[in-house]
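A.B. asks: just coords:
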Ligand SMILES: O=P(O)(O)OC[C@@H](O)[C@@H](O)c1c[nH]c2ccccc12
């Protein structure tokens, strides 16, 4: 009997097969400026050397997001993005790169975790990140995802104590998303603390790869994250800003976002 490759398998393979020192995972705000352009931006990410993509579902009240991503979410909703058409785009993007869907918990609860996880699996979406789903409430979503082979990726922060890291590690699938700083998403001139200690602490409790995100916006910061031990590097606001600036200038956002990813990928090979 041949075993079907699950989403979790595909994520594991993406980390193992990453072309650089750490897997490069750019974030994409789905539907910004519109769904078709999002698919073209994802294509540019893939061509520029991304290993995976974090596909963000726009939400009206994104509590973990800073101003750049919040504004893009608002624009995406205004231009007609829905959970349904974002998932459709996810299917197309999954033909290019493994997709990890970033979605606040409401749409999951509205459809029911089983239906939501089944739809992700049918659409070829490999993983799921839910920033407002605490460990204590994650069991039904985890069970539904496990049943469909979709990896439910947990988030941890510098403030997460060791006993909680170990509980989270036991439920981690795909990778652990380590937030480098407390606060919201957004570019930072300098990431204040060296993340080495944080990454070592998370890795000690994690059976899966550990990716670092928040405040990484250029090649030097991406390279430093890899040197500090990150198995994956996640970049969001810098890319969303590149898209926003191109839109403002009436230019095509896809090559603009692609060139930022190329710079990041280049920094990770050396
Ligand atoms: O924007 P930054 O600082 O580069 O951080 C990545 C982040 O944008 C992306 O992973 C993300 C977008 N929205 C989120 C909500 C919660 C956690 C993470 C995210």
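C.D. replies: Good, I have the coordinates. The model shown is predicted, which means the values in this text are computed figures rather than measured ones.

A.B. asks: which bits of the stretch 151-270 of the chain sit near the ligand?
C.D. replies: Counting by C-beta under 6 Å from any ligand atom, the stretch 151-270 of the chain comes close to the ligand at 185, 186, 213, 214, 215, 216, 234, 235, 236, 237, 238. Just so you know, the C-beta spots here come from the backbone N, C-alpha and C atoms, and that holds for glycine as well.

A.B. asks: the first one - how many residues pack around it?
C.D. replies: When neighbours are defined as other C-beta atoms under 10 Å, residue 185 has 23 of them.

A.B. asks: if I read this right, it contacts residue 63, doesn't it?
C.D. replies: No: Residue 185 is beyond contact range of residue 63, at 10.6 Å (criterion: C-beta atoms under 8 Å).

A.B. asks: contacting residues for the nearest residue to residue 147 once chain neighbours are set aside?
C.D. replies: Using C-beta to C-beta, 6 or more residues apart in numbering and skipping the chain neighbours, the partner closest in space to residue 147 is residue 117 (6.8 Å). The contact partners of residue 117, taken as C-beta atoms under 8 Å, 6 or more residues apart in numbering, are 128, 141, 144, 145, 147, 148, 150.

A.B. asks: local confidence estimate at the second one?
C.D. replies: Among the per-residue scores, residue 141 holds a pLDDT of 98.

A.B. asks: one more: the first one?
C.D. replies: The confidence metric pLDDT takes the value 98 at residue 128.

A.B. asks: which strand residues bridge it?
C.D. replies: residue 101, residue 152 (DSSP bridges).

A.B. asks: begin at 13, not 1, for the rest of this chat.
C.D. replies: Happy to do that; since the first residue is 13 now, the last one works out to residue 140.

A.B. asks: which residues touch the closest residue to residue 131 other than its chain neighbours?
C.D. replies: Leaving aside its sequence neighbours, residue 131 sits nearest to residue 99 (C-beta to C-beta, 6+ apart; 6.4 Å). By C-beta under 8 Å, 6+ apart, residue 99 lies in contact with 113, 131, 132, 135, 137.

A.B. asks: now residue 99: how far from residue 74?
C.D. replies: For residue 99, the distance to residue 74 equals 18 Å [C-beta to C-beta, to the nearest Å].

A.B. asks: list the contacts of the strand or helix carrying residue 51.
C.D. replies: Element membership for residue 51, per DSSP states H and E: helix 47-60. With contact meaning C-beta under 8 Å, 6+ apart, helix 47-60 is reached by 38, 40-44, 65, 67, 92-93, 97-98, 100-101, 104-105, 108-109, 255, 265-267, 269-271, 273-274, 277.

A.B. asks: tell me which residue in the stretch 113-262 of the chain sits closest to the ligand.
C.D. replies: residue 248 (2.1 Å; C-beta to the nearest ligand atom).

A.B. asks: rewinding a little: confirm that the residue nearest to residue 159 sits in a helix.
C.D. replies: Yes: in this structure, residue 129 lies within a helix as judged by DSSP: H, G, I helix; E, B strand; the rest coil.
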